[in-house]
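Visitor: Turn this into a structure:
(one chain, ligands or ions: 2)
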Amino acid sequence: MTGWTVLDIEGTTSSTESVHVGLYAFARPRLGPWIEANRDDPEVRAAVEEIGGATTEEVVKVLHDWMDHDVKATPLKTLQGRIWAEGFAAGELTAHFFPDVAPALRAWHAEGRRLAVFSSGSVSAQRPWFAHTGDGDLSVLIEGWFDTVNAGPKREASSYRRIAAELGGTDLLFLSDVPAELDAAATAGWRTTGLRRPGEPSENADFGPHPVVASFGELSSGEPGFGGPR
Ligand SMILES: CSCCC(=O)C(=O)COP(=O)(O)O
Ligand SMILES: [Mg+2]
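Guide: Ligands and ions are numbered 1, 2, ... in the order given. As a prediction, the model looks like this:
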């Protein structure tokens, strides 16, 4: 088996609850003090300028509102990701992965399938998320890390074309719980498979023409949408 499998995180490898209750709750009270402590950092300054607002208090109000409505805005993801990275480094956070994910990723990697991540979560959050799991360090299996900064919006085909150019492959599969993301990947010529995980927001989603599975355990070489024909 050759080619690339590119993974969404929330709703696909990991539960929405683990992101919203675990990560969001960790970032929420830290955003204000952390921005104040890091306001000379160029990445922080750029994110804060993009948000607007005259004071840190105003900036934090916007960030909290985005979190309340799960708006996956890039400046929010940049700031959250930096805070989470510190939390992982300090041993204050651990990642959640559905039980089928680690065995599948290890099996696919052993078969020669190459693995990458494309998530709204920033690359600075993705790396420690995959490194600090209850199933060991999964980051060693991942060869490409993409977010809305280095690839672009997840619902636009141009982002998937950019990732394809970077990975250099033609056999590309995207796994996601969001039909609009799968539509964009398919428009760019990728294979797609939707994740309809029990209890997740995508449980009742309309995946249209995309193949759908409930767990990574249903995906193996030769399956439609995975090793099978485009
Ligand atoms: C561990 S990365 C943080 C997850 C996150 O903030 C997020 O928005 C995930 O969205 P996804 O694109 O993976 O559905
Ligand atoms: Mg998702």
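Visitor: any idea which helix is longest in this protein?
Guide: helix 74-89 (DSSP state H).
Visitor: Show me what counts as buried in that one.
Guide: 74-88 (16 or more other Cβ atoms under 10 Å). For glycine as for every other residue, the C-beta is placed from the backbone atoms N, C-alpha and C.
Visitor: neighbouring contacts of it?
Guide: Under the contact criterion Cβ atoms under 8 Å, 6 or more residues apart in numbering, helix 74-89 has outside partners 23-24, 26-27, 30-31, 34-35, 38, 43-44, 46-48, 50-51, 63, 66-67, 93-95, 120-129, 131-132, 147-149.
Visitor: Narrow those residues to just the buried residues.
Guide: 23-24, 26-27, 30-31, 34-35, 43-44, 47-48, 51, 63, 66-67, 93, 95, 120-129, 131-132, 147-148.
Visitor: from those residues, which are also near ligand 1?
Guide: Contacts with ligand 1 are made by 23, 120-121, 125-126, 129 out of the buried ones among the contacts of helix 74-89, judged by Cβ under 6 Å from any ligand atom.
Visitor: dump the residue contacts of the residue lying closest to residue 11 once chain neighbours are set aside.
Guide: Excluding the flanking residues, the one nearest residue 11 by Cβ to Cβ, 6 or more residues apart in numbering is residue 177, at 3.2 Å. Residue 177 makes contacts with 8, 10-12, 194-197, 200-202, 205, as judged by Cβ under 8 Å, 6+ apart.
Visitor: Just the buried subset of these, please.
Guide: Buried subset of those (neighbour count, 16+ other Cβ under 10 Å): 8, 10-12, 194-197, 200, 202, 205.
Visitor: Which one of the residues you listed is nearest to ligand 1?
Guide: Within the buried ones among the contacts of residue 177, the smallest distance to ligand 1 is 3.3 Å, found for residue 10 (Cβ to the nearest ligand atom).
Visitor: Just to check, that closest one is in contact with residue 119?
Guide: Yes: under the criterion of Cβ atoms under 8 Å, residue 10 makes contact with residue 119 at 7.1 Å.
Visitor: The residue located most distally from the centre of the chain: what secondary structure?
Guide: Distance from the C-alpha centroid of the chain peaks at residue 54, with 30.8 Å (Cα atoms, centre = their mean). Here residue 54 is coil, with the state taken from DSSP: H, G, I helix; E, B strand; the rest coil.
Visitor: same check, this time on the one 5 residues further on
Guide: Applying three-state DSSP to residue 59 yields a three-state assignment of helix.
Visitor: gap between the closest residue to it other than its chain neighbours and ligand 2?
Guide: Among residues not flanking residue 59 along the chain, residue 53 sits closest, at 4.3 Å (Cβ to Cβ, 6+ apart). Residue 53 sits 28 Å away from ligand 2, going by Cβ to the ion, to the nearest Å.
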